[in-house]
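**Student:** please find the sequence and the predicted model below.
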Amino acid sequence: MADLRRIAFLLERANEATYRVKAFRSAAATVSRTPRDELAERATAGTLAKLPGVGDVTARCVTESLAGEEPVYLRRLLSTEGADLPAEAAALREALRGDLHVHSDWSDGGSPIEEMALAAADVGHEYFVLTDHSPRLTVAHGLTADRLRRQLDHVARLNEQLPDGFRILTGIEVDILEDGSLDQEDELLARLDVVVGSVHSKLRDDSARMTRRMLAAIANPHLDVLGHMTGRKVAAQGAGDAAHRTARTRPPSTFDLESVLAACVEHDKAVEINSRPDRLDPPKRMLTVAIEAGCRFSIDTDAHAPGQLDWLGNGCERAALCGVPADRVVNTWTADRLLEWTASHA
């Protein structure tokens, strides 16, 4: 049912607890499989909550929807969405055509690729890049070479079924290993549309080692976007109580910022502006230096669930505050222009 899915989407966008989101998604799945006549009978009898995956709160939402009313729970969420983006940030958000950093349940995301794709189309994207993790990140169920090959075949089939005007671009969030190499076979990296490279291990390495590592990755012709550059974690609103948020924080890695940014300019690679509320990476002080250095940028959500695809406003607001020019943001481009740029790195 559309109202239940909309509630789940808004809860994800607000970074609310996963169990709340799952409650509404589970109920939506059950309701979609149940004949409408049975739903109406159960709503009248007060037995909707006896269906698997439907609880008291979701049953009330279903009852209100069946009566042609907007559920109270949904109205409450919509009334607390927050203020509109400032004009400059809103204009930048409007200019974005896609998202270059999106995960699915093939690695550590929570939803199938097709569900992420339909949600992306709903928020106005023309494309997104599917960037599930690479093999070394076992905690995130990173893709082996064989699984990545299967995913590429799956995406090709999906693209034949998706709405006109939207496409999934193939990609990966590849680990930047300790020696700066990329954690996937070169032959496969060459097949992908977009490669995002990120550091996920030994984030507290000394500055000299981290700098060498990042420079080697940026020079690799397969890499297109430097993901969440500092690796920091910040306390995100809506991510649980204050103690839990503090426990999840992490300071930024240290490295020679000027050298790393100069390498991005030299090799024409983009610096990601990561929109996750628990990352917001790079910090604004570094973002300002990157603008002055002449870098290109990619404003991405790093979404792991459908509702998170609407986090782009976080990155756009930070980009606008720091004065990022829209013409330097690669995901304001059409998919064809984006692919011409990534192909130029090979």
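**Tutor:** Arrived safely, thanks for sending.
**Student:** hey, which helix or strand in the chain has the poorest pLDDT?
**Tutor:** In the chain, no helix or strand scores lower on mean pLDDT, DSSP states H and E than helix 242-247, which sits at a mean of 40.
**Student:** dump the C-alpha coordinates for the next helix or strand after that one into CSV.
**Tutor:** Sequence-wise, the next helix or strand downstream of helix 242-247 (DSSP states H and E) is helix 257-266. What follows is helix 257-266, C-alpha atoms only, in CSV (Å, rounded to 0.1, in the frame of the first residue of the first chain):
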residue,chain,number,x,y,z
LEU,A,257,45.1,17.7,1.8
GLU,A,258,46.7,19.9,-0.8
SER,A,259,48.6,17.0,-2.4
VAL,A,260,45.5,14.9,-2.6
LEU,A,261,43.4,17.7,-4.1
ALA,A,262,46.1,18.6,-6.6
ALA,A,263,46.2,14.9,-7.7
CYS,A,264,42.4,15.0,-8.2
VAL,A,265,42.7,18.0,-10.4
GLU,A,266,45.7,16.6,-12.3
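**Student:** which strands and helices sit next to the helix or strand just after helix 257-266?
**Tutor:** Using DSSP H and E, the helix or strand that follows helix 257-266 in sequence is strand 270-274. For strand 270-274, the elements it packs on are strand 98-102, strand 225-226, helix 257-266, strand 296-300, helix 312-322, judged by 3 or more Cβ pairs under 8 Å, 6 or more residues apart in numbering; DSSP states H and E. The way it works is simple: take the backbone N, C-alpha and C, and place the C-beta from them, glycine included.
**Student:** rerun at 6 Å
**Tutor:** On a contact count with 3 or more Cβ pairs under 6 Å, 6 or more residues apart in numbering; DSSP states H and E, strand 270-274 meets strand 225-226, strand 296-300.
**Student:** who wins for proximity to E126 among the ones you listed?
**Tutor:** Set against E126 and scored by Cβ to Cβ, these come closest in strand 296-300, at 14.6 Å.
**Student:** tell me the mean pLDDT for the closest one?
**Tutor:** Confidence for strand 296-300, expressed as mean pLDDT, is 98.
**Student:** what angle sits between it and helix 257-266?
**Tutor:** If you take axes from the mean of the first three to the mean of the last three Cα atoms, to 10 degrees, strand 296-300 sits at 100 degrees to helix 257-266.
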